[in-house]
Structure formats: structure tokens, C-alpha cells
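A.B. asks: how would this look folded up:
(chains A and B)
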Protein chains: 2
Amino acid sequence: MRMLLTAFFIIFVTGSAVAQDFLPSWNDGAAKTAILEFVTAVTEKGGRDYVEPAERIATFDHDGTLWVEYPMYTQVLFIFDRIKELAPQHPEWKTTQPFKALLEGDMKTVGAAGEKGILEMGMATHSGMTAAEFEQEVSNWLATTQHPKFKRLYSESIYQPQLELLAYLRANGFKTFIVSGGGIQFMRPISERNYGIPPEQVVGSSVVSEFQVKDGQPALVRQPKIDFINDKAGKPVGIYEHIGRRPILAFGNSDSDMQMIEYTMAGEGRRLGLFVHHTDAEREYAYDRKSHVGTLDKALDQADANGWIIVDMKKDWKKVFPGK
Amino acid sequence: MRMLLTAFFIIFVTGSAVAQDFLPSWNDGAAKTAILEFVTAVTEKGGRDYVEPAERIATFDHDGTLWVEYPMYTQVLFIFDRIKELAPQHPEWKTTQPFKALLEGDMKTVGAAGEKGILEMGMATHSGMTAAEFEQEVSNWLATTQHPKFKRLYSESIYQPQLELLAYLRANGFKTFIVSGGGIQFMRPISERNYGIPPEQVVGSSVVSEFQVKDGQPALVRQPKIDFINDKAGKPVGIYEHIGRRPILAFGNSDSDMQMIEYTMAGEGRRLGLFVHHTDAEREYAYDRKSHVGTLDKALDQADANGWIIVDMKKDWKKVFPGK
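C.D. replies: Residues are numbered from 1 along each chain as shown, chains lettered A, B, ... in the order given. As a prediction, the model looks like this:
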């Protein structure tokens, strides 16, 4: 009887003996503990750190935080593929760099053209069509293109532990957002299916669009002009414009996420800032300070002093991708 | 027994005998019928016009659609009040138009300065402070300033029939947004309390903001530079950038809302576009084609041909404001 009563107490009162693990792909450790303690603290009614559900805003970077970004940002590969596809309609590219180099497979010259070169090719492939046409192109590409190492679609090269975390946060009244340097309209076609995040909760970089009546139909036509770069110091700005509230949790993976996390942590009350550290050369990739994508350098140095949580992919994640 | 069974059938099966009126401040008529039929059609599972809840996006203009805009847009009155308040710190305004005229009460000269003059004064009062400071100024002003005709706070000069419509739409799985030419950060402090619309579902015009570290604290500082004008052809663009889906219902009150409603109606499947027509000089105001605010002219001419619903305030609204 005593035992029965104890079991009853444990199961129905504390719930601890049968506590469901909402983060099964996270190994026990400092990162998982920090997440669980944070969520418990901000959702405990009457508790010192309680936060109203409406204010439970969580923002996640995309590349390298929710899906693979190595060896090259997925959107850049989309740009390269589109340039090759569109080349027959652009004979001038045969003699214009960096288009010429890309079409000839001379990636060294493409690389030397740097961000400016990527931007030029980005403009050529992200504008001149309607919103609906662009969405279709992105959807087609993401539905058919595989990551060379993982042999799975890019849209399936997403991190299982993060899917669990997003669902766990939402189950606790959080509203989850993507806040990425990537193109806002490049992410929206997959955000709901991949992450359960609806398009209206995606914040990203954009080109200028214009409302035009095209073939008798009102349409939004994408222009070859940058509207907003939602990266680094642009992230808090994007959050201000799109969300209008300061997040209480922010998750990134590179120095480009520092401002978002600084802004998040500077609010009143309890806050959580986290970075994925890519330490797993076998299951994914290992890169940080000297990487050409997702550079994680200053944030590593400053994490301890600022109370940021560094999530060690190799140690903290039991599993990297969904499935098997 | 027969009667009992019939009553049972009516109440529990069709529900019609005791159907709750979700729009009690709307008089029976074409507008109310159009709304009820539309919502029924898009929510009926298996029906021809069924729309998934995620796609049930409804966008509402703000000034003149959800709250009073006459005889002058509320935000412009805020600008005027702020100029007067800030004048001691700006001796140069005593000799600079249109500031000088405003401070001297010469509204004719202020009017002659037109939109450009308002914009200049808007910049002077909407920038140079942090996001948090601006929010505080707006909140203070809205909590204390009354409309001269209605003797109620501007934040309470909101339309009861629209509050009911917003709640009715949300109860039917719609996500409701404000899409206004007004300043996005001017509306957000009151959107949740007034309309049940959270700040992240408010789309509006904006100034450029910059992320800065100010007094050791990361902050967003508002700059004296227009970022985006969310009006006329800007409204579909704002919807594309912020929401990323095309609304299935849009509600405005002036020619400035035509593009939003054209864009909404041009989507596939069943759609609803509506305009408030201010016809009630007694309970509110009567103005349309020749008004200097909320001009409703071309939209009136084109409504029938386009299937837009014109809501006649005097005839269609049983009640204008909340309370008594």
C-alpha cells in the first residue's frame, strides 16, 4: 500500500517518474538542462520568471541552425543552378564575369568574385519574375535537389533535435520564428512543412517588389534591387519590423547571429541565447573560427562571459537528421 | 413528443433555431449576408469553396476601417502634439515652416505644406529615439488623448461592428492582420488590446531603424529616413513581405485600399473584398469622393463591376462604437 501510494504520488503529482522526454534527440548535458530549466521557469504560473504566452517569442537562424549550410549555403547553390538553367536566354553571360566562370565550372574565379559576385548572380536569378513564379522555381528546386554528402534533399537536411525543440517550445505556448540572412521568399515555401513555422513567421532578406497589373492580372513583380539584408545588425531590425516584440529565446550558429542574441538577452527578465557549434565531422561537419560559411569565432570567445549556451553538435545531439 | 423531437433536431442537428448572432452590431442586409455566406463557404469541410485554416488570411486597413480617421488621421494629430511638446528643445522651429505655422496655430499654412510638410514633421517626431522610447510616447499619448467629437480616447474610437467581425473571423480559424498606411510602430502598442491583433500581425509604414549599442545597452534607434510606405500599391507589397500569403478577405475604406483588395480578389477560389462607406454624419461622419482624408471615389465606381461589397455605415451598422 505504501508503495502504491508512493507510485501514485510520483506519477500523478510530480509526474517525474513518467516524465515524457520532449527532446529525445538531445543528450543529457548542460545545453539540454539549460533549455528545460528555461522553459519551466518562464511557463510556471506565479513563478518569478513567468512570461505571458504572448511574449514567448523564440527566433531561430536558418542556415546552420535549422538545416545544413556546409560546404555552401543552400540558396547559393540554388543561384548557381538557376544561372546554368537560364544561360540559354542570356548569351551575354558567356562573356560576363562571374557568370562566365560559373558556366565554365571555374569555381576558383567564382570564389574570387566574393559576396559581390554572388549578389550579382542572386539579383539575376531572384528578380524579373512574379512572386508566384519565384515560389514555384524555389519549390521545384527544393523538391528535387540533394545534398552531396547526405544524399537527401536539402529540404530534408534539417536537424532533428531542432525540430523537437521547436515543437517543445510551441507546446509551451511559444511562437516560433525563423530570422535568417537568407532570402525570405526562398525559405517560405518549405518553412511550414519542414519546421511547422508558417510563412508569416519567417523573417529574412528581401529584394524590392512592385505591384503591377501583368497580363490583366494584379501581380507582385520582383525587382533587381536589394530591399533589406536581414543579417548581423540587420537581424534585430528585422525582428523589430516583422515581430515588434523582443524575443526571449534566440538560437543561432555563427557570429552573424550575435546581434540577434545580444538584443534578445538585453531584455528584462529571464532570457536564453544559444549557438549550434558544428563539431561533428562524421555525422555532419566540423567548422567554426576559420570557416568561409557560418563563421563562429567571436561568439565562441564571448559565450561564457555573456551566458550564451554553446551547443556541441557531437556531444549534445544524439541524432542529427530525421529518420532512421 | 413530436414537437420535442423536432426541437431536438433543430437545436442539436441544424443548430439554426438557436443560432447565435456573432455580428449583433450589424443590421441584416446585403453586407452582413455576404460576410456570413463567405465565412460559411470557406469553412465548410468538403465544400467547393473550402479553404485550409492556414490560408484563411484576413487583412484590415486601420484608419477609417477599424477606427475613426476624421477630421484628421490620428497619427497626424500625434505628430502635431509632439511638435508642440518638443518645441522648447528646437528653437529653430520658430523660424522654419511648416513647424512655425503649427506652433502659431496657423493651420491654413500647415495645410498648404501638404503631405510633404506632414512628412517632415513626422520625421522630426518619429526618429532620433529608441524603439522603446517611441513606444512609450505613443502609448502615453493614446492613453490620454480624446477625439473632440466623441469625447472618448482615440484608442476607444474604434468600430464595434468590426470588433465583432474580427472575433467572428478568428473563431472560424482566420488569422487577422492590420495592413495600414499608418506607422507600423504607432499601431502596435494598441493593436492587441483594441482588436485582439498581436503586434506581429500589424503591417504598416516604417522609418529605417538601426541596431546600436547605446549607453552600454543594445537598442534600436529610429532614423529620420522613410523605409517603406505601406499604402496604395505598397499594401500588396507589405502583405507579400510580412505575411507571404495572399489574403482571402480584405477590408478597407478608401481608394488607397483598392490595390490590396484587387490583389486579394485576384487569387484563386472564393474571395471577399469590402469597403466601409462613411455615410453617417450623425453617429460618425459622412464623407467620400471629395474628402481630404479617406477619399472613396474610384472604388465606389468600380465596386459593382468587381464584386466588392460597400458597407453603408448608416444602414449596415446598428451601432458604431463599443459601450452603451
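A.B. asks: residue A:232: which element?
C.D. replies: Assigned by DSSP states H and E, residue A:232 belongs to no helix or strand.
A.B. asks: now do the contacts for the residue nearest to it when sequence neighbours are not counted.
C.D. replies: What sits nearest to residue A:232 in space, not counting adjacent residues and going by CB to CB, 6 or more residues apart in numbering or on different chains, is residue A:256, at 5.1 Å. From N, CA and C alone the C-beta is placed, and that goes for glycine too. Counting by CB atoms under 8 Å, 6 or more residues apart in numbering or on different chains, residue A:256 makes contact with A:61, A:181, A:231, A:232, A:235, A:295.
A.B. asks: quick one: residues contacting residue A:203.
C.D. replies: By CB under 8 Å, 6+ apart, the neighbours of residue A:203 are A:59, A:177, A:178, A:179, A:180, A:184, A:230, A:238, A:239, A:242, A:243.
A.B. asks: okay, and the beta partners of the second one?
C.D. replies: Think residue A:177. Using DSSP bridges, the beta-bridge partners of residue A:177 come out as residue A:59.
A.B. asks: re earlier: okay, among the contacts of residue A:256, which ones form the most distant pair?
C.D. replies: A:235 and A:295 (15.4 Å; CB to CB).
A.B. asks: for chain B, see how far away residue A:92 is.
C.D. replies: In this view, residue A:92 and chain B are 30 Å apart by CB to the nearest CB, to the nearest Å.
A.B. asks: what's the answer for residue A:172, then?
C.D. replies: For residue A:172, the distance to chain B - CB to the nearest CB - is 17 Å.
A.B. asks: measure that residue to residue A:261 for me?
C.D. replies: Residue A:172 is 20 Å from residue A:261, where distance means CB to CB, to the nearest Å.
A.B. asks: compare these two (neighbour count), which wins?
C.D. replies: Neighbour count, other CB atoms under 10 Å in any protein chain shown: between residue A:172 and residue A:261, residue A:261 has more, with 30 against 15.
A.B. asks: got the phi and psi for that one?
C.D. replies: For residue A:261, the backbone dihedrals are phi -80, psi -40 (criterion: degrees, to the nearest 10).
A.B. asks: spell out which parts of the stretch 1-150 of chain A neighbour chain B.
C.D. replies: Contact residues, the stretch 1-150 of chain A versus chain B (CB under 8 Å from any CB of the partner chain): A:54, A:57, A:131.
A.B. asks: please export the C-alpha coordinates of stretch A:162-176 as CSV.
C.D. replies: What follows is stretch A:162-176, C-alpha atoms only, in CSV (Å, rounded to 0.1, in the frame of the first residue of the first chain):
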residue,chain,number,x,y,z
GLN,A,162,15.8,21.4,-33.5
LEU,A,163,12.5,20.0,-34.8
GLU,A,164,11.9,18.6,-31.3
LEU,A,165,12.9,21.9,-29.7
LEU,A,166,10.6,23.9,-31.9
ALA,A,167,7.7,21.6,-31.2
TYR,A,168,8.5,21.6,-27.4
LEU,A,169,8.6,25.4,-27.4
ARG,A,170,5.2,25.6,-29.2
ALA,A,171,3.7,23.1,-26.9
ASN,A,172,4.7,25.5,-24.1
GLY,A,173,3.0,28.5,-25.7
PHE,A,174,5.9,29.9,-27.6
LYS,A,175,5.5,31.4,-31.1
THR,A,176,8.5,30.3,-33.2
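A.B. asks: for it, give me every contacting residue.
C.D. replies: Counting by CB under 8 Å, 6+ apart, A:22-26, A:35, A:39, A:43, A:53, A:56-60, A:65-66, A:195-197, A:201, A:249, A:251, A:322, B:200 sit against stretch A:162-176.
A.B. asks: in the stretch 1-150 of chain A, which residue sits closest to chain B?
C.D. replies: residue A:131 (5.7 Å; CB to the nearest CB).
A.B. asks: my read is that that residue contacts residue A:219, right?
C.D. replies: Yes - Residue A:131 is within contact range of residue A:219, at 7.0 Å (criterion: CB atoms under 8 Å).
A.B. asks: the strands in chain A, which residues?
C.D. replies: For chain A, the strands defined by DSSP state E cover A:57-60, A:175-183, A:202-214, A:217-228, A:249-252, A:272-277, A:309-312.
A.B. asks: just send these back as a markdown table, with mean pLDDT too.
C.D. replies: Listed next are the strands of chain A as a markdown table, based on pLDDT from 0 to 100:
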| stretch | mean pLDDT |
| --- | --- |
| strand A:57-60 | 99 |
| strand A:175-183 | 98 |
| strand A:202-214 | 95 |
| strand A:217-228 | 96 |
| strand A:249-252 | 98 |
| strand A:272-277 | 98 |
| strand A:309-312 | 98 |
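A.B. asks: I appreciate the help and will end here.
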